[in-house]
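Q: structure, please.
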Amino acid sequence: MTPLERALRERIAAEGPISVETFMHACNEYYYATRDPLGVGGDFTTAPEISQMFGEMVGAAVADAWKRAGSPASAAYVELGPGRGTLAADALRVLRAAGFAGGVDFVETSPMLRDAQKRAVPNATWHDRIEGLPQRPMLLVANEFLDALPIQQHVGGIERRVTVAAGGLAFDRDGEIVETSPIRDEVAATIARRLLADGGAALFIDYGHSKSAPGDTLQAVREHRFAPVLADPGEQDLTSHVDFESIGIAARNAGAGVTPVAVQGDWLIRLGIESRAQSLSRANPDRAGDVEAALRRLTSPDQMGQLFKVIAIHSPDWPAPAGLA
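A: Residues are numbered from 1 along each chain as shown. Modelled structure (predicted):
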């Protein structure tokens, strides 16, 4: 039994069943505070770790928006949950080449991941919360950030909870599940309000669905394989599919401009990732096979290309990042 499971069992014994939202929050807070989950030796691999091309395309998209907004010198590159800092380092290389000289702000609570980020982007400034970000135009990126935020699940209009049954953790009800995530919607609204006040644009990239729909998408991943959701609390990554329609509604209601949702593969291709792959292969012929494999993984519909989606939120005074209608 994990230390977190023992604590959760004691809480359930004292207070009664806990919500799925509470369970997910507790598990991920413990999980991310106690390890670097990324890479071959971890539990999962994100797009920036697959290839530098991903971060370069992100950098090109936000650089384009910054240029078309008049290249404001006060703008900052901001990333939510920046992992090891790999995406930021690659994106900033493109941004700096475009003339961007602004600061870098990271929202990160994990001490272990902060250490990795300091090695990748030494001059960044770290914040515990979005609300702590300085008031200035933002070029904000959130890749696989929303999926780890807690969700609520309801069955027949009743909130689903986690209890102890038959000696283990169990859900208290089953049936058709409807998922919502008030915290995700609030993140989108908070960013939208900041963009409205200070200017800028934000890219959200994650796996999920373009339209709201019922269904159970809560999942656990450990050592690059799916695992039972309630097993080993705090020792595996818990995520769920992002409802991009809900994110867009929350941002639009806060007054921001919102783009249509794009699938990752199409978006990256519109940004020129295929040409970048050809350039990398010509410059490194011994790595051409790896470059082609990374391109397929990022863009093919049967890999990350279709499941992963992209949406941008932007100030009405700023253009949307490139590649999004």
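Q: how far off centre is the helix or strand harbouring residue 112?
A: Using DSSP states H and E, residue 112 sits in helix 111-120. Here helix 111-120 is found 17 Å from its chain centre; the criterion is CA atoms, centre = their mean, to the nearest Å.
Q: if you count contacts, what does it end up packed against?
A: With contacts defined as 3 or more CB pairs under 8 Å, 6 or more residues apart in numbering; DSSP states H and E, helix 111-120 has these neighbours: helix 20-33, helix 86-97. In this view, the C-beta of every residue, glycine as well, is placed from N, C-alpha and C.
Q: where does residue 69 sit relative to residue 50, distance-wise?
A: Computed as CB to CB, to the nearest Å, the residue 69 to residue 50 distance reads 30 Å.
Q: how many neighbours does residue 284 have?
A: Using other CB atoms under 10 Å, residue 284 has 11 neighbouring residues.
Q: that one against residue 292, yeah?
A: No - look at residue 284 against residue 292 with CB atoms under 8 Å: they stay out of range, at 11.7 Å.
Q: now the helices for the stretch 101-250 of the chain?
A: Ranges of helices in the stretch 101-250 of the chain, per DSSP state H, counting those that start in this stretch, are 111-120, 182-198, 244-253.
Q: these: which one's closest to residue 78?
A: With CB to CB as the criterion, residue 78 lies closest to helix 182-198 of those, at 9.2 Å.
Q: so what touches that closest one?
A: 21, 80, 130-131, 133, 135-138, 140, 146, 149-152, 200-202, 204, 242-243, 246-256, 313-316, 318 (CB atoms under 8 Å, 6 or more residues apart in numbering).
Q: now with 7 Å?
A: With contact meaning CB atoms under 7 Å, 6 or more residues apart in numbering, helix 182-198 is reached by 130, 135-138, 140, 146, 149-150, 152, 201-202, 242, 246-247, 250-251, 253-256, 313-315.
Q: only the buried subset of those residues, as a ChimeraX command please.
A: Only the buried members of the contacts of helix 182-198 enter the following ChimeraX selection, criterion being 16 or more other CB atoms under 10 Å:
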select :130,136,137,138,140,146,149,150,152,201,202,242,246,247,250,251,254,256,313,314,315
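Q: from the contacts of helix 182-198, which land in strands?
A: Within the contacts of helix 182-198, residues falling in strands by DSSP state E are 138, 140, 152, 201, 202, 242, 313, 314.
Q: hang on, the earlier thing: let me have the helices and strands packed on helix 111-120 in TSV, adding mean neighbour count, distance to residue 126 and mean pLDDT as columns.
A: Converted to TSV, the helices and strands packed on helix 111-120 look like this (neighbours: other CB atoms under 10 Å; distance: least, CB to CB, whole Å; pLDDT from 0 to 100):
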stretch	mean neighbour count	distance to residue 126	mean pLDDT
helix 20-33	20	14	95
helix 86-97	21	12	98
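Q: where in the stretch 201-325 of the chain is pLDDT low?
A: Along the stretch 201-325 of the chain, segments meeting pLDDT under 70 are nowhere present.
Q: from the ones in strands among the contacts of helix 182-198, pick the one nearest residue 221.
A: residue 242 (15.5 Å).
Q: got the contact list for that closest one?
A: Counting by CB under 7 Å, 6+ apart, residue 242 touches 146, 147, 184, 206, 207, 208.
Q: next up, the contacts around the spatially closest residue to it that is not a sequence neighbour.
A: Spatially, and ignoring its direct neighbours in sequence, residue 242 is nearest to residue 208 (3.2 Å; CB to CB, 6 or more residues apart in numbering). By CB under 7 Å, 6+ apart, residue 208 lies in contact with 241, 242, 243, 244, 309.
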